[in-house]
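Chemist: sequence first, predicted coordinates after that:
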Amino acid sequence: MQKITSPISADVIEDLLAGDQVLISGVIFTARDAAHKRLTEALDRGEEPPFDFRGQTIYYMGPSPAKPGQVIGAAGPTTSGRMDTYSPGLIASGLKGMIGKGSRSPEVKQAIEKHKAVYFAAIGGAGALIARSIKKAEVVAYEDLGAEAIMRLEVEDFPATVVNDARGGDLYEEGMAKYRRKAGETKGDEL
Amino acid sequence: MREISVTDIANTVARLCQEANFDLGADVLDSLKQARGKEESPLGQQVLDQILENDSIATNERIPICQDCGTAVVFLEVGQDAHIIGGDLYTAVQEGVRQGYKEGYLRKSIVGQPFSARVNTKDNTPAMIHLDMVPGNRLKITVMPKGGGSENMSRLHMLTPAKGRQGVIDFVVNSVAEAGSNPCPPLIVGVGIGGMADKAMILAKKALLRRVGEPNPDPEVAELEREILEHVNSLGIGPEGFGGRTTALAVHAEVFPTHIAMLPVAVNLQCHAARHKEAVL
């Protein structure tokens, strides 16, 4: 398990490989569907984005509300594919890291390789576990979006796995190919 | 005639919304533990360990298992000899959802105007209510918080009858393959076969409420479930899609008679956070 810091430096990105497990510490920003739409529309109009995402890491996540005394509620990843429309543009503009779950479009993967970025998966449905690694959370933009507002998170040992690396590696494709077999060969060991 | 008050109904729904989001059923946990024992992929084993750790944190600390606390799906079985007093049933259910999501600090994920403004209703209503009239004088309430990621991978196909059994298998297996890592495997695969488009879909959803891995009582359907599960677990998708043997914990199929021209098949996928709680009033 490799410990890395976000914002993630170019050298570290270069070394990360699909399948690597990492513990991320530092700063990450949340954004999901509605925030991506607004962010992209603002950029299209030539406006300054509400936070400087260049060099940063975006986590596709909308938490459950924090109980009194908690930093954040459950805080696991949402499906990344819904952000595929927006990601290539953000990557081209300098976004370096993305954390979510589920596979990305060919366009996103190309942008990751071309601009030397990285896409991690966090464990979908492990919101209570992941919340433990979030030490501070504050809304920095689009507060009216509620759970979908952009938050700045300070994280410590946030667990993630490299899915798409800057060299074109793809854990989902490689992992599936490794364990795929013909039905019939599983006889006797199905659950 | 036995009386059931809307206050009791609302309070029960509120409690079930919270319990479902904090406490995974023992059947789901057992099935995940069994899968952990059988999983060959080291990454897959680790994911299953983390899922089990997550579920234990959620229970102990009363934190939602998943930040997506779901659409509140509420199944009601109303005994025909029960008398609901003090207000109307649907309003009571919606009030229960409102209370439960507020008191439990659960995420409110429902938006109005789905194709345009998408404004959050801020209390997770409306719940999706399914009502069946049954014999007796009781009211059975089941609350199933269903996450968007797995629900988005639902599929319906109106097969020609000529496609038959193999057509059903191929469609279900392809649906799981196409969903890949998106619906948070390991999954429970709900399958509805027969009826009409709408009937097949509700059969698939209700199939998810069955005890995990319990076969359909009809041996022919049970054999179909077994065969689909074998195919699904040969895909290699594995826990969270990182590669492995455990793509699904179970396949649950429900069947219903259909028209001579039709063979509808619906697939409703359930993520590993297979949440539902029930109570009888």
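Modeler: Nice, I can see it.

Chemist: can you give me the strands for chain A?
Modeler: Counting by DSSP state E, one finds strands in chain A at the ranges A:2-6, A:21-30, A:57-59, A:97-100, A:118-121, A:134-141, A:150-164.

Chemist: OK, contacts around the closest residue to residue A:38 other than its chain neighbours?
Modeler: Closest residue in space to residue A:38, ignoring its immediate chain neighbours: residue A:142 at 6.0 Å, by Cβ to Cβ, 6 or more residues apart in numbering or on different chains. For the C-beta atoms, the positions are set from N, CA and C on the backbone; glycine is no exception. With contact taken as Cβ atoms under 8 Å, 6 or more residues apart in numbering or on different chains, residue A:142 is in contact with A:34-35, A:38, A:50, A:148-150.

Chemist: what pLDDT does the model give residue A:142?
Modeler: We note a pLDDT of 94 for residue A:142 in this prediction.

Chemist: and the residue of chain A that's closest to chain B?
Modeler: The minimum distance from chain A to chain B, using Cβ to the nearest Cβ, falls at residue A:175 (2.2 Å).

Chemist: how close does that residue get to residue A:117?
Modeler: Distance, residue A:175 to residue A:117, by Cβ to Cβ, to the nearest Å: 20 Å.

Chemist: more crowded one of the two?
Modeler: Neighbour count, other Cβ atoms under 10 Å in any protein chain shown: between residue A:175 and residue A:117, residue A:175 has more, with 27 against 24.

Chemist: and the more buried one, how far from residue A:23?
Modeler: According to Cβ to Cβ, residue A:175 and residue A:23 sit 20 Å apart.

Chemist: what about the least confident helix or strand in chain B by mean pLDDT, near chain A?
Modeler: Least confident element among the helices and strands of chain B, by mean pLDDT, DSSP states H and E: strand B:119-120 (a mean of 92). Yes: on the criterion Cβ under 8 Å from any Cβ of the partner chain, strand B:119-120 is in touch with chain A at residue B:120.

Chemist: that strand pairs with which strands?
Modeler: Taking DSSP bridges as the criterion, strand B:119-120 forms sheet pairs with strand B:111-112 (antiparallel).

Chemist: which one is residue 2 nearest to, not counting chain neighbours?
Modeler: Just going to use chain A. residue A:22 (5.0 Å).

Chemist: actually it's chain B I care about, not the one you picked
Modeler: Closest to residue B:2 by Cβ to Cβ, 6+ apart is residue B:137, at 3.9 Å.

Chemist: same check on residue B:35?
Modeler: Closest residue to residue B:35 apart from its sequence neighbours, by Cβ to Cβ, 6+ apart: residue B:246 at 4.3 Å.

Chemist: what pLDDT does the one you found get?
Modeler: pLDDT recorded at residue B:246 is 97.

Chemist: can you check the one 4 residues further on too?
Modeler: What the model reports for residue B:250 is a pLDDT of 98.

Chemist: so which residue of chain B comes closest to chain A?
Modeler: Relative to chain A, the nearest point of chain B is residue B:243 (2.2 Å; Cβ to the nearest Cβ).

Chemist: you'd agree that residue is up against residue B:46?
Modeler: No: counting by Cβ atoms under 8 Å, residue B:243 does not reach residue B:46; the two are 11.9 Å apart.

Chemist: helices along chain B, start to end?
Modeler: Along chain B, counting by DSSP state H, helices occupy B:6-22, B:26-38, B:42-61, B:89-103, B:148-151, B:164-179, B:197-207, B:219-232.

Chemist: list the buried ones in the shortest one?
Modeler: Of the residues in helix B:148-151, those buried under the neighbour-count criterion (16 or more other Cβ atoms under 10 Å in any protein chain shown) are B:149-151.

Chemist: and if you look at the second one?
Modeler: Of the residues in helix B:26-38, those with enough neighbours to count as buried (16+ other Cβ under 10 Å) are B:27-29, B:31-32, B:34-36, B:38.

Chemist: centroid-nearest residue for chain B?
Modeler: The residue lying closest to the centre of chain B (Cα atoms, centre = their mean) is residue B:208, at 4.5 Å.

Chemist: if we can go back for a sec, just the buried residues of helix B:148-151 now: which is nearest residue B:118?
Modeler: Using Cβ to Cβ, residue B:151 is the member of the buried residues of helix B:148-151 that lies nearest residue B:118, at 16.4 Å.

Chemist: do you know the pLDDT at that closest one?
Modeler: Residue B:151 is assigned a pLDDT of 97 by the prediction.

Chemist: cross-check the contact I'm expecting between it and residue B:267.
Modeler: No: the pair residue B:151 and residue B:267 does not pass the contact test of Cβ under 8 Å, sitting 11.2 Å apart.

Chemist: how much space between residue A:78 and residue A:161?
Modeler: Distance, residue A:78 to residue A:161, using Cβ to Cβ: 16 Å.

Chemist: more neighbours, those two?
Modeler: Each of residue A:78 and residue A:161 has its neighbours counted (other Cβ under 10 Å); residue A:78 has more, 26 against 22.

Chemist: what residues are up against the more buried one?
Modeler: Taking Cβ under 8 Å, 6+ apart as the definition, contacts of residue A:78 comprise A:32, A:60-62, A:100-101, B:68, B:148-149.
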